[in-house]
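Below are the sequence and a predicted model for it; my questions follow.
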Amino acid sequence: MKLSTRILLGMVAGIAVGVLLRPLADGPDSFAAALGAWLVDTAFEVGGSIFVASLKLMVVPLLFVSLVNGASAMGASARMGRIAGKTLALYLVTTGIAITLALLLANLIDPGLGVGLEGEVDFDPAAAPSAKEVLIGIFPSNPVQAMAEGNMLQVIVFSLLMGIALAHSGPAGEPAREVFRSFNEVIMAMVTLLMHLAPYGVFCLLAKLFAELGFSAILDLGKYFGTVLLVLAIHGSLTYGLLLWLVARRSPLTFLRNVRPALLFGFSTASSNATMPVTLNVAEQRLGIDNRVASFTVPLGATMNMDGTAIMQGVATVFIAQAYGLDISMGGYLAVILTATLASIGAAGVPGVGLITLALVLEQVGLPVEGIALIVGIDRLLDMARTAVNVCGDCTVSTLVASSEGLLDDKLFAEVSDRDRYVADP
Ligand code: ASP
């Protein structure tokens, strides 16, 4: 069976087991309740945590080695600047489109009308970094510390510098270049190995989540929940589909078939960062994107391109304003678009971070930050869905950039994924 099919089965089985465990844990049979609690709090927690840790463990080494390799292969040519420029511009434009769509649709659907605020709302937002701090924070003073802390933007800057230096170092640098080339293969093989844990890991993550999830909260906020999902679906299919079709002249359906594993990982882990090794693997092996492009666009996207997050923030802003009976002016909407787009740059792709930067957006337009308390309860499921869109956006932009540079392998892209490329050929 193909790996993506097994992951899908793991997801479905996890959701089913989680949902079935709920009545068991609350039921009258104390043995069954104890067993249910043990499964959820111990067995699934251990399995899920090991899975996420095994993904995260690869992020820094993979990012470092792959990007040094890509940058050194490209040298300090003008091409590199062009790729960087196109990538940044596309990331910003797609996020801008995402939030605009979210604001438009949310205003049509009015998810917050009729939501009374009688209940206690109490929320203490974590401080979001300012633009100045974000800018300074991109430049590392100590690469080892940047890696130890998993600061992706800093590691990206250091790796780019190292790769360019390698390209400049002439024959003396060749052994070092060779080491990075070789290590790149080794780490890709490691990703392949660990991906075989995925069906079990995904099963544990989802079983635990669904055993603990409060469904009644979702029903109460059904309109908000549905609006976010609707805009995510529209952006994920139409915006990306049209860009791929009209700009890159590639089939969106083939694209979708190829990116599926990355979307499944994004959905299950709710973290673009943890999914990064899989996204890179998918970009290079299944979409046929050259390492020189993917090694730059994918890690950068995992950190700063969050269309799904921006969509949630757009809908949430309108929802909270309506729930409090407040109006947002035209200038306010522009501020939301700008802040949400920029906020996604500073936020790392980890679970729940979108809610933290939402505080920044709300403050910007003078809406009560406590309003976040309204949606916190159902955020995890939406986090999963929007992370899948975030990852899809990274892959779309990578495909657009690679295709415009002639660095997309059409044979790999077009090949229907009937064989599992993760299984290394013996
Ligand atoms: N979990 C999202 C991601 O990793 C970020 C967020 O929206 O909270 O991409």
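That came in fine, so what should we check first? Computed from a predicted model, the values in this text were never measured in an experiment. Numbers count the residues shown, from 1 in each chain.

Nearest to the ligand: which residue in the chain?
Nearest residue of the chain to the ligand: residue 354, at 2.8 Å (CB to the nearest ligand atom). The C-beta positions use only the backbone N, C-alpha and C, and glycine is treated the same way.

so how far is residue 375 from residue 59?
28 Å (CB to CB, to the nearest Å).

Now for this protein, the helix or strand with the poorest mean pLDDT.
helix 215-220 (a mean of 72; mean pLDDT, DSSP states H and E).

Quick one: name whatever helix or strand follows that helix.
Heading C-terminal from helix 215-220, the first helix or strand you meet, by DSSP states H and E, is helix 222-234.

so what's the residue positioned nearest the centre of the chain closest to, chain neighbours aside?
By CA atoms, centre = their mean, the chain has its centre lying nearest to residue 272, at 2.9 Å. Residue nearest to residue 272 in three dimensions, not counting chain neighbours: residue 349, with 3.0 Å by CB to CB, 6 or more residues apart in numbering.

Show me what from the chain comes close to the ligand.
Neighbours of the ligand within the chain, by CB under 6 Å from any ligand atom: 270-272, 306, 309, 349-354, 383, 386-387, 390.

at 8 Å instead, please
Residues of the chain lying close to the ligand by CB under 8 Å from any ligand atom are 266, 270-275, 302, 306, 308-309, 312, 347-356, 383, 386-387, 390-391.

buried set for the longest helix along the chain?
For the chain, the longest helix by residue count, based on DSSP state H, is helix 78-109. For helix 78-109, the neighbour count (16 or more other CB atoms under 10 Å) marks 80, 83, 86-88, 90-92, 94-103, 105-107, 109 as buried.

That helix to helix 222-234, inter-axis angle?
Put simply, helix 78-109 runs at 150 degrees to helix 222-234, going by axes from the mean of the first three to the mean of the last three CA atoms, to 10 degrees.

which other helices and strands contact helix 78-109?
Helix 78-109 is packed against helix 45-74, helix 222-234, helix 291-304, helix 307-323, helix 330-346, helix 379-404, with contacts defined by 3 or more CB pairs under 8 Å, 6 or more residues apart in numbering; DSSP states H and E.

next SSE after the shortest one?
Same thing as helix 222-234. helix 240-242.

what does that following helix contact?
94, 252, 255, 392, 393, 396 (CB atoms under 8 Å, 6 or more residues apart in numbering).

Go through the residues you listed and say which is closest to residue 22.
The closest of the contacts of helix 240-242 to residue 22 turns out to be residue 392 (CB to CB; 30.5 Å).

What about that closest one, how many residues nearby?
Residue 392 has 25 neighbours, counted by other CB atoms under 10 Å.

Alpha carbons of stretch 164-176, in CSV - could you do that?
The C-alpha coordinates for stretch 164-176 follow below in CSV (Å, rounded to 0.1, in the frame of the first residue of the first chain):
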residue,chain,number,x,y,z
ILE,A,164,27.5,31.6,-1.1
ALA,A,165,30.9,31.4,0.6
LEU,A,166,31.3,27.8,-0.5
ALA,A,167,30.6,28.8,-4.1
HIS,A,168,33.2,31.5,-3.8
SER,A,169,35.9,29.3,-2.2
GLY,A,170,37.2,27.7,-5.4
PRO,A,171,39.0,24.4,-5.6
ALA,A,172,39.9,24.6,-1.9
GLY,A,173,36.2,24.5,-1.0
GLU,A,174,35.4,21.5,-3.1
PRO,A,175,35.8,18.9,-0.3
ALA,A,176,33.4,20.9,1.9
